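Asker: Pasting the sequence and the predicted model now:
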Amino acid sequence: MSGVGFKGKLYRDDAVVLQVQKLGESDRIITLFTRRHGRVRAVAKGVRRTMSKFGARLEPFGHVDVQLLEGRTLDVVSQVEGIELYGRRFLDDYPRYTVASAIAETAIRLTPIEEEPALRLFHLTLGGMRALANGEHASSLILDAYLLRAMGVSGLALALRECAVCGTPGPHRGFSLAAGGVVCPDCRPPGASHPAPATIELMVALAESDWVVADASEPNHRREASGLVAAHLQWHMERALRSLPLVDRDDTARGRKESS
């Protein structure tokens, strides 16, 4: 295959399928977030053929056990077993599907170096897909919780309990992207916004997994928090996330537990 040279080493890992791209007439390039090897791009040969042994197991957002053969440019999938194919449970649910896409794109962007382990981010990503599949909370809340925590483990945490500049304990009303979160009156720069106190409380709850507070939040505070979280994420990235504008922010369902 063009672009794939073998180094011969086989390895096995479990992974979240982040992205699937067509390659030629029958192959695909699969972007995997693995537990021990970080983000890996691999060729899955023949998976678009009707008789493929494991094509259906390599759909986006699933948790799989995969065996890979190291290549010079791209690794090659040699075996795969489905652990939990989460994507199948919300492929026809637009809010959850777009949130899963945004989570996957964020995971790719926050792992700039391929094959560098990022265990905490891996667990966050896997947990986000599981929560979406189970319908545990509104999909928009799951996304914002993921973004806040993912930024936190990647060194981009928002200051929400103390002033981002001087560290004075809050609560504080001012919020500055340039400063990195809430700011006290003495440190508040020109142009700082003033989100509702309940919005900051919601962001704290999402960052700290306080789902009792998060699930009880009002739609207007969710929308304001989403705007601040997205703005902070994109402030630190060279370009905006392509999937984020597609997310349905009107999904205010609480605790949509599936009966299955």
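Answerer: Thanks, I have it.

Asker: use CA for all of it now, contacts and neighbours both
Answerer: Noted.

Asker: quick one: S243 from V20, how far?
Answerer: 15 Å (Cα to Cα, to the nearest Å).

Asker: Repeat that for C163.
Answerer: Distance of C163 to V20, given as Cα to Cα: 41 Å.

Asker: Comparing the two, which residue is more hemmed in?
Answerer: Taking other Cα atoms under 10 Å, C163 and V20 do not tie; C163 has more neighbours (26 against 19).

Asker: Show the residue spans covered by the strands in this protein.
Answerer: Assigned by DSSP state E, the strands in the chain fall at 6-23, 27-34, 38-44, 63-71, 75-84, 174-176, 181-183.

Asker: What are the buried residues along the fifth one?
Answerer: Along strand 75-84, these residues count as buried under the neighbour rule (16 or more other Cα atoms under 10 Å): D75, V76, V77, S78, V80, G82, E84.

Asker: is it true that the second one touches V47?
Answerer: No - applying Cα atoms under 8 Å as the test, V76 and V47 come out as separate, 12.0 Å apart.

Asker: which stretches of the protein aren't confidently modelled?
Answerer: 1-8, 48-55, 250-260 (pLDDT under 70).

Asker: for it, what spans make up the helices?
Answerer: With DSSP state H applied, the chain shows helices at 94-109, 119-134, 139-153, 197-207, 211-215, 219-235, listed in chain order.

Asker: Packing partners of the fifth one?
Answerer: Using 3 or more Cα pairs under 8 Å, 6 or more residues apart in numbering; DSSP states H and E as the contact criterion, the elements in contact with helix 211-215 are helix 197-207.

Asker: Can you name the residues in contact with the helix it packs on?
Answerer: Under the contact criterion Cα atoms under 8 Å, 6 or more residues apart in numbering, helix 197-207 has outside partners 141, 144-145, 148-149, 160-161, 173, 211, 213-214, 217, 221-222, 224-225.

Asker: Show me this structure divided up by domain.
Answerer: Split into domains by automatic domain parsing, the chain comes to 6-84, 88-156+195-246.

Asker: can you give me how far the shortest one is from the chain middle?
Answerer: So that's domain 6-84. Offset of domain 6-84 from its chain centre (Cα atoms, centre = their mean, to the nearest Å): 19 Å.

Asker: try the last one
Answerer: Computed by Cα atoms, centre = their mean, the chain-centroid distance of domain 88-156+195-246 equals 6 Å.
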